[in-house]
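Colleague: generate coordinates for the sequence data below:
(chains A and B)
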Amino acid sequence: MHIDFSLSVNGLPKIADFCVVGSGPAGMTVALELGDYGRSVILLEGGGLHQSDESQDIYKGDVIGDPYFELDSARLRYLGGTSGHWDGHCVPLGESDFQKKEGFENAHWPIEKKGLDPFLKKALSILDIRQPQDDIVLDQEFGIKEIGISYSQVRFGEKYRERLNASKHVTYVTNANLTGLKTDGQRVVSVTATNFFGQSANVKAKHFILAMGGIENSRMLLWSNHQTKGKCVDPRAPLGHYWMEHPSFRVGHALVQLEMAKTKMRLVGLTDAVKRKLSTLDCRFWVRELPREGTQALVRDLLCVAPKAGAWAASRVGKNLVCGTTLFADWEQEPIWDNHVKLSETKRDRFGIPLTELHWKKTDRDLATLRKSLSQFNDYVMARNLGRIKFTNWVFSNDGFPDYRVTNDSGAGYHHMGGTRMADTVKNGVVDSNCRVFGQENLYIAGSSVFPSGGSANPTLTIVQLALRLSEHLRNS
Amino acid sequence: MCSRRGFLIGALLLSQMVLLTRISGNAHSSRSGRFIKQGWVLQTGDV
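Modeller: This next block holds a predicted model:
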């Protein structure tokens, strides 16, 4: 059943088993899954059925630190959430992504990959994709592997709206903005939803799940903590901290003998063994074939700089054995305390809630992950006589990261992770391994804000797996 | 005095060795026979 909160704030069920806030991939999955098992669910979506300025404005905020996207354009706030404009790349996290990594104190999960594996099949079905092919090791000695990837075209708002309409157990409420959360100190009693005309109603449920996004989950918990004088989240928890992105840059060009798939693109990375040997986090490279003119220009460039290598490449280009490519890298950022979501002290949204102030920087250690991984890939290419790579100047210079707006790079992956990280203890996390908020018996978090580390995989498949796992936990609790 | 001086020289040499090891481990251009020219990573025989 659908209720448009902008038309009436009356008519909500008096109480539900579950109240889910946010209808992106995480919230939608939890709501539908619980509904399918006969549990009553109220699904609150702050935006409407379609994108609107009044809703997007809630997502405005400031970024302190490195250049980053406008926060109100980096995510979508309407039914289906940011899946309304995502690229659909789906890659599962690997086993090592969950494990402790030497030299990186906080980059591990309190659960193992096998804890998510049982939910993979259903997650693939929800995303309407085949399972990405298993990684293929291209060279054992250098630890180079090809990474499997699938592409989803699912827009959650479009694909699952009919199922929401038909559901006997899920009431979804659009234009219902979360503006307050009431707790008795141990349990959340109710939340307040407000429409864009300022009319409010309280929503009662036995359990509450915040699935508002990788920045908004932190913002709303920080605000709730402020409103309840610290009674919402255990004060020892690192709320808002250890926020992460996937830095993403063009790092060079290459003339390489690498068979290109139909997509004219290969996605490669390092094996777990080599990552351990190099003491590095995860990094992957998109090797994208250039059009003929681009290849010819690269050959001419190499001929000028290194005539013998250029002649080798030219002879092979003619036989289609070598092609010109652009190398893009996106990689795992180390989770650090300083990268965090904070409440603005000067700016508020239309409901009086402080806007986001995101503090985010890439560090020298993040750059080291890129350099070590890229060096390893270059060693492989040269040792196997597969070609030559031309790195973009900044990668190995002392200049640090460039401004992505100047270099026309992606800069980052629009992947918002951390802030309400999962951990075994409250000192290290905001939620436990079941995604329950430390300090509340019936408040849970869904989405990538619970990621304690991000690997280099696109997060949505993991988000859906985690949402299914949370649903199962909630059904059984 | 001699042993103090010896200790200091030894410490200095050790720190230099550690530094060199780190640099050679991280910098792609220091591998034997490799060099960078106008962004290209090349090796002896390429030019």
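Colleague: can you pull out the strands in the stretch 351-477 of chain A?
Modeller: Taking DSSP state E, counting those that start in this stretch, the strands of the stretch 351-477 of chain A run over residues A:354-360, A:387-391, A:411-412, A:443-445.
Colleague: same question for the stretch 51-200 of chain A.
Modeller: A:61-65, A:89-90, A:136-139, A:144-146, A:150-151, A:170-174, A:177-183, A:188-194, A:200-210.
Colleague: now do the first one: which elements does it pack against?
Modeller: To tie it back to what came earlier, the one meant is strand A:61-65. Here strand A:61-65 touches strand A:340-348, strand A:354-360, going by 3 or more CB pairs under 8 Å, 6 or more residues apart in numbering or on different chains; DSSP states H and E. From N, CA and C alone the C-beta is placed, and that goes for glycine too.
Colleague: show me what the closest residue to A:Gln440 other than its chain neighbours is bridged to.
Modeller: Spatial nearest neighbour of A:Gln440, excluding adjacent residues (CB to CB, 6 or more residues apart in numbering or on different chains): A:Val188 at 5.8 Å. Beta-bridge partners recorded for A:Val188 (DSSP bridges): A:Thr183.
Colleague: check contacts around A:Val188.
Modeller: A:Leu181, A:Lys182, A:Phe208, A:Gln440, A:Asn442, A:Leu443 (CB atoms under 8 Å, 6 or more residues apart in numbering or on different chains).
Colleague: the fourth one and A:Thr228 touch, don't they?
Modeller: When you say that, I think you mean A:Gln440. No - in this structure, A:Gln440 is not within contact of A:Thr228 by CB atoms under 8 Å, at 10.4 Å.
Colleague: touching both of the two, which residues are there?
Modeller: Between them, A:Gln440 and A:Thr228 share these contacting residues under CB under 8 Å, 6+ apart: A:Thr183.
Colleague: so those two - more neighbours on which side?
Modeller: Using other CB atoms under 10 Å in any protein chain shown as the criterion, A:Gln440 and A:Thr228 rank with A:Gln440 on top: 24 against 17.
Colleague: distance of the more buried one relative to A:Glu345?
Modeller: Per CB to CB, to the nearest Å, A:Gln440 is found 26 Å from A:Glu345.
Colleague: now A:Asn10
Modeller: From A:Asn10 to A:Glu345 the distance is 36 Å (CB to CB).
Colleague: what ranges in the chain fall below the confidence cut-off?
Modeller: The chain I'm using is chain A. Filtered on pLDDT under 70, chain A yields no residues whatsoever.
Colleague: switch to chain B, that's the one I care about
Modeller: The model of chain B has pLDDT under 70 over residues B:1-32.
Colleague: what is the neighbour count of A:Gln99?
Modeller: Neighbours of A:Gln99 (other CB under 10 Å): 15.
Colleague: now swap in the one 5 residues further on and tell me
Modeller: Around A:Phe104 sit 18 other residues, with neighbours defined as other CB under 10 Å.
Colleague: name the nearest residue to it, ignoring sequence neighbours.
Modeller: A:Glu334 (5.9 Å).
Colleague: can you check A:Pro452 too?
Modeller: Sequence neighbours aside, A:Arg421 is the residue nearest to A:Pro452 in space, at 4.3 Å (criterion: CB to CB, 6+ apart).
Colleague: residues contacting the one you found?
Modeller: A:Pro238, A:His241, A:Tyr242, A:Pro335, A:Asn428, A:Gly429, A:Val430, A:Val431, A:Ser449, A:Val450, A:Phe451, A:Pro452.
Colleague: TSV please, covering the residues you listed and showing neighbour count.
Modeller: Formatted as TSV, these follow (neighbours: other CB atoms under 10 Å in any protein chain shown):
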residue	neighbour count
A:Pro238	21
A:His241	22
A:Tyr242	26
A:Pro335	24
A:Asn428	18
A:Gly429	25
A:Val430	31
A:Val431	29
A:Ser449	32
A:Val450	29
A:Phe451	28
A:Pro452	24
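Colleague: which of those sits closest to A:His85?
Modeller: A:Ser449 (19.4 Å; CB to CB).
Colleague: does the closest one touch A:Gly429 like I think?
Modeller: No - with contact defined as CB under 8 Å, A:Ser449 and A:Gly429 do not form a contacting pair (11.1 Å).
Colleague: show me which residues of chain A sit near chain B.
Modeller: Within chain A, the positions near chain B by CB under 8 Å from any CB of the partner chain are A:252, A:301-302, A:305-309, A:368, A:371-372, A:374-375, A:378-379, A:382, A:388-393, A:396.
Colleague: mind redoing it with 10 Å?
Modeller: Residues of chain A lying near chain B by CB under 10 Å from any CB of the partner chain: A:252-255, A:278-279, A:298, A:301-302, A:304-312, A:368, A:371-372, A:374-379, A:381-383, A:388-393, A:395-396.
Colleague: give me the buried subset of these.
Modeller: Neighbour-count burial within the residues of chain A next to chain B applies to A:252-255, A:278, A:298, A:301-302, A:305-306, A:309-310, A:312, A:368, A:371-372, A:374-379, A:381-382, A:388-392, A:395-396; the criterion is 16 or more other CB atoms under 10 Å in any protein chain shown.
Colleague: for the stretch 251-400 of chain A, what spans make up the helices?
Modeller: Residue ranges of the helices in the stretch 251-400 of chain A, as given by DSSP state H, counting those that start in this stretch, are A:272-278, A:292-305, A:307-318, A:364-383.
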